[in-house]
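>>> Based on what follows, work out the 3D shape:
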Amino acid sequence: MNRLLSPISLKTIVAGCALLLSLPLMTNGQARAQGRNIDQFTLKGKLSGTRMDSVLLFYESSRGENLFQAQPIFNGIFMITDTINRPVKALIVFKNADEVLTSKDCELRSRELFLEPGLLILSGDAAQPSTLKLAGSKTQEELEHLDSLSMNIRAEMQPLAEQYKKEADPYRAAILATKFEPYYTRIKRIDYQYFLSHPNSYLTLYKMLDYIKKMGVDSSERIYLNLGYSLKQTPEGRYLGYMVNKIEATLPGAEAMNFSFADASGKAVTLNDYRGKYVLLNFWASWSSRSREMNQHITDNYKKYAGHGLEVINIARDDNTQTAWQTAIAKDGLAQWTNLLNQTGTANDISEKFEVHFVPTQILIDPNGRIIGRYGDNNNVHSDALLDRMLIVTLKQ
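As a prediction, the model looks like this:
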């Protein structure tokens, strides 16, 4: 039975470079022995330029297992075979036998490829991943076509990317990161239309696994429901369905998940303690100008509706220091509310519980603990007006 696994990612290859023996290594003979009613791929390398003597390939098996193969390279030639029953995303890295690759090395040298059953030919300079070309994979051709549609946008973004790469200060880097959003939004529009018009493409499925936390809840659900039946039955399709279900649990109509947290003064805060009141969860960040603007808007609403049972819980995301967070609380006049600093990446990550991946985002909860509104996410257009309308309908007396 296929296991429910997150698809192979850069984290997999970085971890693999650091600790190769932790990943299952299958010989070609073992792979053929396990494979029944599935096809074989043969990846042949014909490399030019810089000579390297080893190739590392990370990919997912037909059983949903993350696999790793290492093969020698002789005079620029190598061959890797295994059995897969569908196109799968892979990451490839080249090295010399006496090299010990760091995580950064793996990140810089890795190249994403789509393997498919059949004969695949990889050519190019092993030391320059961008020059590598894969022939024989239809999904790879689709990827290159889709990338070409946003090529000009990526070129416009390159100066900002170089500036971001050189910035050593974490706070200034976070501010720079917010400037990527207009470019990413344009690229997402292109990709979104592609996904809708190619519901049976493996590329749509794999790209959506990357986009599931970036595209917004409504768009993600629409694309998943539009996917072909056979794609939904793959390990990746089932994982995407699992993620969509997680998102649905944070949409209006669902019961809000309880959380317990310490506020800025160290006092314990539990969401269930607010039963009987309307609660607005405001996810924000001190470095986000749009968040700071929304803080003022929420302050205005609070003055109108505090007497009608509205409470606000501010949850700051991605702040690097408590100092920046507390300074913003004082400057924006937020001390009148409950203020929490999210513990990103921990078991107590409130943003993760509510599938919040963009700021600002607001979630409105009714006195019975059910979500009745969600605003912002990846689409902040008119979110303040939509929130205003809901507050008028539910709280105006």
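
>>> Quick check: the nearest residue to residue 149 once chain neighbours are set aside vs residue 158, distance?
Spatially, and ignoring its direct neighbours in sequence, residue 149 is nearest to residue 190 (5.1 Å; C-beta to C-beta, 6 or more residues apart in numbering). (C-beta placed from N, C-alpha, C; glycine too.) Taking C-beta to C-beta, to the nearest Å as the measure, residue 190 falls 17 Å from residue 158.

>>> about what we covered before: which parts of the strand or helix carrying the residue nearest to residue 149 are buried?
Residue 190 is part of helix 181-197, with elements assigned from DSSP states H and E. By 16 or more other C-beta atoms under 10 Å, the buried positions in helix 181-197 come out as 183, 186-188, 191-192, 194-195.

>>> For that helix, which helices and strands make contact with it?
The elements that helix 181-197 packs onto, with contact taken as 3 or more C-beta pairs under 8 Å, 6 or more residues apart in numbering; DSSP states H and E, are helix 138-149, helix 151-166, helix 202-211, helix 217-226.

>>> what about the strands in the stretch 1-150 of the chain?
Assigned by DSSP state E, counting those that start in this stretch, the strands in the stretch 1-150 of the chain fall at 39-48, 54-60, 66-72, 77-84, 88-95, 111-115, 118-125, 133-135.

>>> Which one of the ones you listed lies nearest to residue 272?
strand 66-72 (38.7 Å; C-beta to C-beta).

>>> Now do that closest one against strand 77-84: the angle between them, please.
Strand 66-72 and strand 77-84 are oriented at 160 degrees to each other (axes from the mean of the first three to the mean of the last three C-alpha atoms, to 10 degrees).

>>> Could you export strand 66-72 as CSV, CA atoms only?
What follows is strand 66-72 as a C-alpha-only set of coordinates in CSV (Å, rounded to 0.1, in the frame of the first residue of the first chain):
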residue,chain,number,x,y,z
ASN,A,66,11.6,8.3,-1.2
LEU,A,67,14.5,6.6,-2.9
PHE,A,68,18.1,7.4,-3.6
GLN,A,69,20.6,6.1,-6.2
ALA,A,70,24.3,6.9,-6.6
GLN,A,71,26.1,5.9,-9.8
PRO,A,72,29.6,6.5,-11.2
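
>>> Now do the same for it: mean pLDDT, whole number.
Mean per-residue pLDDT for strand 66-72: 90.

>>> and if you look at stretch 114-130?
93.

>>> now swap in stretch 82-97 and tell me
Here stretch 82-97 scores 90 as its mean pLDDT.

>>> So for the helix holding residue 190, mean pLDDT?
For helix 181-197, the per-residue pLDDT averages 91.

>>> From residue 184, how far off is the residue nearest to residue 149?
11 Å.

>>> Mean neighbour count for the strands of the stretch 1-150 of the chain - can I get that in CSV?
CSV is the format used below for the strands of the stretch 1-150 of the chain (neighbours: other C-beta atoms under 10 Å):
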stretch, mean neighbour count
strand 39-48, 17
strand 54-60, 22
strand 66-72, 17
strand 77-84, 19
strand 88-95, 24
strand 111-115, 21
strand 118-125, 17
strand 133-135, 15
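
>>> Report the beta-bridge partner residues of residue 94.
According to DSSP bridges, the residues that bridge with residue 94 are residue 55.

>>> From what I see, it and residue 126 are in contact.
Yes: in this structure, residue 94 is within contact of residue 126 by C-beta atoms under 8 Å, at 3.8 Å.

>>> Find the residues that touch each one of those two.
47, 52, 55, 73 (C-beta atoms under 8 Å, 6 or more residues apart in numbering).

>>> which stretches of the stretch 151-300 of the chain have low pLDDT?
171, 216-217 (pLDDT under 70).

>>> Identify the residues contacting the residue nearest to residue 376 when sequence neighbours are not counted.
Nearest-residue entry for residue 376: residue 361, 3.8 Å, with adjacent residues in sequence omitted and distances by C-beta to C-beta, 6+ apart. Residues near residue 361 by C-beta under 8 Å, 6+ apart: 283, 374-377.

>>> domains of this protein?
Using automatic domain parsing, the domain parsing of the chain gives 10-134, 148-248, 260-395.

>>> TSV for those, including distance to residue 254?
Listed next are the domains of the chain as TSV, based on distance: least, C-beta to C-beta, whole Å:
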stretch	distance to residue 254
domain 10-134	28
domain 148-248	7
domain 260-395	5
